Every structure is written in C-alpha cells, then in structure tokens.
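K.L.:
with the sequence up front, the predicted model follows.
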Number of protein chains: 2
Amino acid sequence: MKPKKMLLIVCDGLSDRPVKQFDLKTPLQAARKPAMDALARNGVSGVMDVIAPGVIPGSDTAHLALFGYDPYKVYTGRGPIEAAGAGLQVSRGDVAFRCNFATVDPSMKVVDRRAGRIRSGTDQLAKAVSGMRIEDVTVLFKEGSEHRGALVFRGPGLDHRVSDVDPHEEAEVLQAKPLVPEAEKTARILNEFVRRSHDLLKEHQVNVGRKANGLSLANILLPRGAGSVGELEPLSERYGIRCAGVAGVTLVKGICRLVGMDVPDVQGATGGLDTDYKAKADAAMRLLETHDFVFVNVKAGDVAGHDGDFGMKVQVVENIDMMLGMMLKDMHEDVVVALTADHSTPVSIRDHSADPVPVAISGGGTRVDGVREFDEISASTGALGRIRGMDLMPTMLGMADRARKFGA
Amino acid sequence: MKPKKMLLIVCDGLSDRPVKQFDLKTPLQAARKPAMDALARNGVSGVMDVIAPGVIPGSDTAHLALFGYDPYKVYTGRGPIEAAGAGLQVSRGDVAFRCNFATVDPSMKVVDRRAGRIRSGTDQLAKAVSGMRIEDVTVLFKEGSEHRGALVFRGPGLDHRVSDVDPHEEAEVLQAKPLVPEAEKTARILNEFVRRSHDLLKEHQVNVGRKANGLSLANILLPRGAGSVGELEPLSERYGIRCAGVAGVTLVKGICRLVGMDVPDVQGATGGLDTDYKAKADAAMRLLETHDFVFVNVKAGDVAGHDGDFGMKVQVVENIDMMLGMMLKDMHEDVVVALTADHSTPVSIRDHSADPVPVAISGGGTRVDGVREFDEISASTGALGRIRGMDLMPTMLGMADRARKFGA
C-alpha cells in the first residue's frame, strides 16, 4: 500500500461550551460551516482530551501532544520553544530562555519590564550580546517582536533547572539560583550573562538615541522560562516523514521547528483575527506537494475566546471553514485530513478550559461514521470515540498506511 | 471565572445487567426516575470502568478511584479504611488492621470467630486493650459494630506486609508472619498484641458477666487486613477544596476520612434499605453551603443486588430518584452534579461485577448531549464516552473551573 499524505489543521481554542444566551449552542454549533461538516460527514469523528481529562492544556503542551509527544516527558519550559520560534537552533544539551528587554535604574531595580515596549533597534542590541563566551559556554541571543527575545546557552554541563532572573514585577533584578545541584554552573553563567548584558546595553548607541528622545532604555535582559529539549526526537526521524508547518504565532512556529518541521514564512499569516486565510490555504496546499505531513495552525478562535466574543468566534469558524473549503476543493482523496483544536477557550470563561475538543478525520483509509456535523457534541457520537491528544498522530499515521507493525 | 461547587452522588452497586424475566431490562431501565433522567438530559453522560475493563471493583478500591486516586498505588488493605471509619486517626507510618472479637478455647483454637455476635460491652473491652505500649509502638484500638473493631500501631519502622492472625475459620489462632524482611518488627508486635489482648480480655468483667449468662466469651482479638495509608494526599491539599461526605456505611465513611473529608453523622443514614433518604438529601444540601465538594453514598442498591431482588432494586432506584429530586429542586445551576455507581451488583449474579457503570454530569460548565435517560445503555451513547473512575474527579474539577493548566 502506498503511504498517503497527511494534513492536520488545528484551530487554536476553537472548542467551547454551550452559551445560554445563544440557545445553549457553542460557536461551532451556531456557525455555518459547510466544509467542516463535509469533512465530518466523509470520515470519522470523536472527542479528544488533548492532555488528559481535567487537565487544561497550554498551547505549547497541547501541540506537543498533538504531534505525538508526551508533554510530561518533553516539556521543561517555554524557553526552547520561544528560541526556536525566534529562529535560533536549539539542540540537545542547550538551555534556552525567553527574555524581555527591560529598563533598570542604577540600583538594578526594574522600572519597566518591557523597556517602553521598544519597537526598533532590538536587532542591533541583540548583536551586541549574541556570540559572547562565558567560561566554556557560547551565548546566542535573538530579538523577537517588540521587547521580546530568546537566549540559548551552548556548552558542556548545562542544566535548565534554574530560577528566573525576571522578577515578573517592578522590583530588584533577581539572582538566578540552581534548583538542583547539577544546575549550579548554569545559574552562575546566567547571572554573569545578565551582568554583562547590562554593561553592553546601557551605553549602546540605540539607548543613547532613546535617551535623547525621552524613551525608556532597553538596558538589561531579563531571562525566564529556562528549558531544554531533552529527548525530543524529530518527527522526521521518528516516523520517517517530511514535515512542514504553517503558523503565524511565534510559539507555535517554535514547536514546529523543535519537532523538525520546515516552517516557511507565509506572508499575511499573522496569528491574529486579520490573518490571511487564503495565503495559509495556498501555502499548505503547496507544501503538501513536497512534504508527507503538513500542519496548519489558525490562532484566531483562541483570540475570540479570550475576548469572550461569541459573534466573533462564530465569524472565525466561518472564516476557517472558507479556508478549509479552498483546501478540500483541490484535495486528492488519498490525503488524510484531520481537523481539531488544541484546547477549548470558552467565551464564557475567556480562558483555556479542560473540556475535550472535537476531532474529525477523512480521506485516505478512514472509515465513515454517521456524524454529519463538526461540533463538540456531534463529534462525541462518532466512531473515533474519546481519544487522547497523543493518540492523534499515530491514528493519522495508521489511516495513511504509515503505521508500524508490532509482532508478526 | 469563579470556581463552582461540586456534588457527587454514588449509588452503591446500582448498575446492573439486563434480566431476561423483565424484558431484558436492567433495574435502572425498569424504574420510574424523573430526576435522574432530568440530570442526564441537562448534561453529559457516559460509561465508566471504575478501576479498569474486566476488573471487579470492591467498594473500597472503587471509591478511591472515584476520588481520583490510583487504587493500585494507595490501597494496601482494608485495615486503615476500617480504622478511619471507626473514628481512629490513621497517619502516614501507621499500620492498621480490622479485628474481630472472637472466642478461643484454652488450646487457643478459635471456636467462634464472632464471639456470639457480641452486641454490648465491646466499648469496655476496647478500653482495656487500647493505649498499651509494645516496645516503642503505641497501640490504639476502637470497637466497631457488633463483634468488629479496628487496631492501629503507631511507631517507627512499621510495615503492613504481615500475614493475618485471624484463621478465617474455626482453627488454631495463626502466628502473624512478616511477608517481607522489613515487616519483621510489625509481625513480632502483632503477635505480642494478640497474646496480651487474650490475657487482658479473658478475665475481664464483661466476660465474667457473659460466662454467667452462658454467652460466648469475647476473649481474644483476631487482626486481619493489615494496611497503611502510604502516599495518600488528602483531597483538600491535592485540589485546594473543602470536602465533606455523607455515608451510612463504616467502610465508606472510613474512605471519606482517609481522603480528608468532613464526615458528619447523619441521623437515620443507615447504609441499609431503610436509610433516611430525606435526611441524606438535607445533609448534603447543607454541606454544599460550607464545602466545595460534597459526596453522598447510598448503599441500598448494592444490598438489593446482593439479595438478587429485582423488584427491590427498582424500588431503591425510585427512592434514590426521590432523594435526587429533592436536591435538584433547590440546586443552584452553577453546581456541578455527578451521578454514578461505584460498581455493578447485578441481581442475576448477586455479587459485584466488572460491567461498567453509567455516569451523568450536569450543571456548571457542562455540555449537553442527546442522552435523555439515566441507565447503562443510554449513558453509553453520551458525550462523555467511556472514561475510567480515576478520570471522574479531574473531569468534575474541569467542569467546575477548578482544573489546573499545564503549559502556557
């Protein structure tokens, strides 16, 4: 049997709870979504605990699970994900951090955790600190959007179990402390990095200019969220497949890179409500020609959920449906297409919840059950039953005739 | 989002199998139960393997699972549960036993394992043995109903892995043996306790009186079911919730106490067919005002199942339905209410079985599926799918907006 291609579309936070003011419907139940319903009608549906029943998934842990990894084993902190998202290579043995450019006064008290939400010049500031050596460790730093950046330490004997330097409030800069004896060297290097970054940044010409313009100085870097990639084996090696990801959000791009996907920049894919759905659909269809597994993340549903905006979320469903329609129109029937969410973000609670998410899979060798609509309740009656996030990737591989045999 | 309150109603042994003489209906399918059906109609249903498929739950292991504990990790024996049920505090490091007051002849052969089902005076006999010191171990003993009692050893270096003293038949009193080398001390102390209890009890005035009245002497204590509480972290600490339990049966009360619930005595809650349903409903509703999580156990269904009495079991369903109706009438819509059983006790086999149990949850943030009746078959088509007993507590916490996030 020729192995089939796979397309996974994850609608961030799209799953919801019934809302009283809207006839106890969820946004998915209230929206017009012919493409999603067609996908459900032509395949199997189910519901999915992305991590486990009663565990609220973060977008980071959720995506790791959806790609087949046990987040309890591979997730140590946000640092490596942000660093990979920013475009830094993170390898086994590295320790990575998220950072803010911040403003400290001469007594080393943080007076602005975001350096006036600095918008330009961070690339030059980044160049000033990246590449330094501390003991036998190489330091890599890359700016992100606005005041954000990512930091990677590379060298022998590093351990991610250190406390944050960022005080998370306007207070004294913290000294990183080892949380286990093995992390003593990492804490020492981290504190030295913060000291040196302050020395390098405070007199930097970007800050000279900011001072002249009355702007907050970006005169220190505050690392937090230390993590390492541990035993994360890329999807390509694990399953022998070529993978690509289309995402607008840095966090999701970072996870894609960590699991070994090609992550092209898609013009107009913003991760916001204004994302260019057609550009995403086109990019995904193009990538399906050259890759075995293509992943698409659409963030907008989560944004509408956090805003508590039912009408907006219905609109997002309909936008995504349009995108899906464009893709399905030209889809080869042999492609295994899965549609799901990484977690629920109910408009009634404006935050992630532990409620399971719907999932529908069609194409390739999938069975066809009696489910006719794609929503939280209809999906629960489908032939997939109730699965876990970590089951999704093996299930898709099975339907794509790429699963491995155990036994004879 | 404001966290919501939770009510869990466990109908002991209520789940069943179809019975040929009654149109292949189960007692739940045959009964009129408007309140249970309303609960199912307004929420989500599913079926639950309380321990795992094909494992017959005991009421003790089942309740541990329903409270979110892995019984394979925390359950070591009935002793600590019976001791907690009798009102003895059982702490980490203690070893606890169930005991019978029994009659031995001068050759130490057991001639009556229940000392003529002794009904009075055991409180005085208990006082005579409780509080003694053996080596560096303190001995606590409390009488239970009739010939029953509970024993706790408290001191350093104890281990529950010892064999029973109770021969479980009319035979020579057994010498406790260590089942692992670490339990040698415990076995030695247990044997010494049995010897001393015999010395103290045989001449006790209660037995002098019984001898005069021609009654069997309660002249020895026969411990069995050694166990310890191990790593059992109370629900209050684990989830940060205040918990209370309403139960008539000592065993269930004991589990409630072990997991850190307040367990008030409810007048008329007997654990039998004659239990006062209204008293239980009132107690639960009162406790919901002061506690975050309230648990109610109704034993009668299990009794009818063990009796193999279909009509009686239908009657129990209708009685519980009346109790549930009283509670739902005044229930705030934000309370997450779950209704289930701890195991099946089919009238056709007059014992526990491994068949999954129905579960329905409504209120709070629950979704609403298409299930319209509460029974073993209807529930299996619901949006909850098929879960495990250990999933119930996290699932309820999720619906009550008390779950924890993993990741960001």
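P.N.:
Yep, that arrived. Numbering: from 1, shown residues only, chains lettered A, B, ... in the order given.

K.L.:
tally of neighbours for residue A:24?
P.N.:
For residue A:24, the count of nearby residues is 13 (other CB atoms under 10 Å in any protein chain shown). Any C-beta I mention is one placed from the backbone N, CA and C, and that applies to glycine too.

K.L.:
quick check: phi and psi on it?
P.N.:
The phi/psi pair for residue A:24 (degrees, to the nearest 10) reads phi 60, psi 30.

K.L.:
how about it, nearest residue that isn't a chain neighbour?
P.N.:
Leaving aside its sequence neighbours, residue A:24 sits nearest to residue A:18 (CB to CB, 6 or more residues apart in numbering or on different chains; 4.1 Å).

K.L.:
helices or strands up against the top strand by length along chain A?
P.N.:
If you go by DSSP state E, chain A has its longest strand at strand A:95-104. With contacts taken as 3 or more CB pairs under 8 Å, 6 or more residues apart in numbering or on different chains; DSSP states H and E, strand A:95-104 sits against helix A:79-86, strand A:110-112, strand A:148-154, helix A:184-202, strand A:220-227.

K.L.:
for the stretch 201-350 of chain A, what lies in contact range of chain B?
P.N.:
Counting by CB under 8 Å from any CB of the partner chain, the stretch 201-350 of chain A comes close to chain B at A:251, A:346, A:348-350.

K.L.:
buried subset of the residues you listed?
P.N.:
Among those, those scoring as buried are A:251, A:346, A:348-349 (criterion: 16 or more other CB atoms under 10 Å in any protein chain shown).

K.L.:
put together JSON lines for the residues you listed, with secondary structure, pLDDT and distance to residue B:46 on each row.
P.N.:
Shown next, in JSON lines, are these (DSSP: H, G, I helix; E, B strand; the rest coil; pLDDT from 0 to 100; distance: CB to CB, whole Å):
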{"residue": "A:251", "secondary structure": "helix", "pLDDT": "90", "distance to residue B:46": "33"}
{"residue": "A:346", "secondary structure": "coil", "pLDDT": "97", "distance to residue B:46": "20"}
{"residue": "A:348", "secondary structure": "coil", "pLDDT": "95", "distance to residue B:46": "22"}
{"residue": "A:349", "secondary structure": "coil", "pLDDT": "94", "distance to residue B:46": "22"}
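
K.L.:
and which of the residues you listed is nearest chain B?
P.N.:
Distance to chain B, by CB to the nearest CB, is smallest for residue A:349 among those, at 4.2 Å.

K.L.:
so who does that closest one touch?
P.N.:
A:17, B:1, B:365, B:401 (CB atoms under 8 Å, 6 or more residues apart in numbering or on different chains).

K.L.:
low-confidence regions, the stretch 201-350 of chain A specifically.
P.N.:
Scanning the stretch 201-350 of chain A for pLDDT under 70 picks out no residues.

K.L.:
just the pLDDT for residue A:37.
P.N.:
At residue A:37, the pLDDT value in this model is 98.

K.L.:
please read the previous query as pertaining to residue A:108.
P.N.:
At residue A:108, pLDDT is 94.

K.L.:
ok, the closest residue to residue A:137 other than its chain neighbours to residue A:139 distance?
P.N.:
Closest residue to residue A:137 apart from its sequence neighbours, by CB to CB, 6+ apart: residue A:155 at 3.4 Å. Remark: distance between residue A:155 and residue A:139 (CB to CB, to the nearest Å) = 9 Å.

K.L.:
what does residue A:287 give?
P.N.:
Distance, residue A:287 to residue A:139, using CB to CB: 34 Å.

K.L.:
the two: who's more crowded?
P.N.:
Set residue A:287 next to residue A:139 and count neighbours by other CB under 10 Å: residue A:287 wins out with 24 against 21.

K.L.:
tell me if I'm right that the more buried one and residue A:295 touch.
P.N.:
No: counting by CB atoms under 8 Å, residue A:287 does not reach residue A:295; the two are 9.2 Å apart.

K.L.:
most centrally placed residue in chain A?
P.N.:
With distances taken as CA atoms, centre = their mean, the residue of chain A nearest its centroid is residue A:252 (2.3 Å).

K.L.:
surely that one meets residue A:302?
P.N.:
No: in this structure, residue A:252 is not within contact of residue A:302 by CB under 8 Å, at 10.6 Å.

K.L.:
any residues in contact with both of those two?
P.N.:
Shared contacts of residue A:252 and residue A:302, counting by CB under 8 Å, 6+ apart, come down to A:12, A:59.

K.L.:
can you pull the phi and psi angles for the residue nearest to residue A:24?
P.N.:
phi -60, psi 140.

K.L.:
quick one, what contacts it?
P.N.:
By CB under 8 Å, 6+ apart, the neighbours of residue A:18 are A:24-26, A:29, B:367-368.

K.L.:
chain B contacts on the stretch 51-200 of chain A?
P.N.:
With the criterion set to CB under 8 Å from any CB, the stretch 51-200 of chain A comes near chain B through A:51-62, A:71-72, A:75, A:78.

K.L.:
right, and residue A:209 touches residue A:118 too?
P.N.:
No: checked against CB under 8 Å, the pair residue A:209 and residue A:118 is beyond contact range at 11.3 Å.

K.L.:
where do the helices of the stretch 301-408 of chain A begin and end?
P.N.:
Under the criterion DSSP state H, counting those that start in this stretch, helices of the stretch 301-408 of chain A are mapped to A:310-329, A:376-380, A:389-399.

K.L.:
pick out the most distant pair among the residues of the stretch 51-200 of chain A next to chain B.
P.N.:
The span of those, defined through CB to CB, is set by A:53 and A:78 at 24.4 Å.

K.L.:
show me what contacts the closest residue to residue A:67 other than its chain neighbours?
P.N.:
Of all residues not flanking residue A:67 in the chain, residue A:259 sits nearest, at 5.1 Å (CB to CB, 6+ apart). Counting by CB under 8 Å, 6+ apart, residue A:259 touches A:64, A:67, A:69, A:232, A:234-235, A:243.
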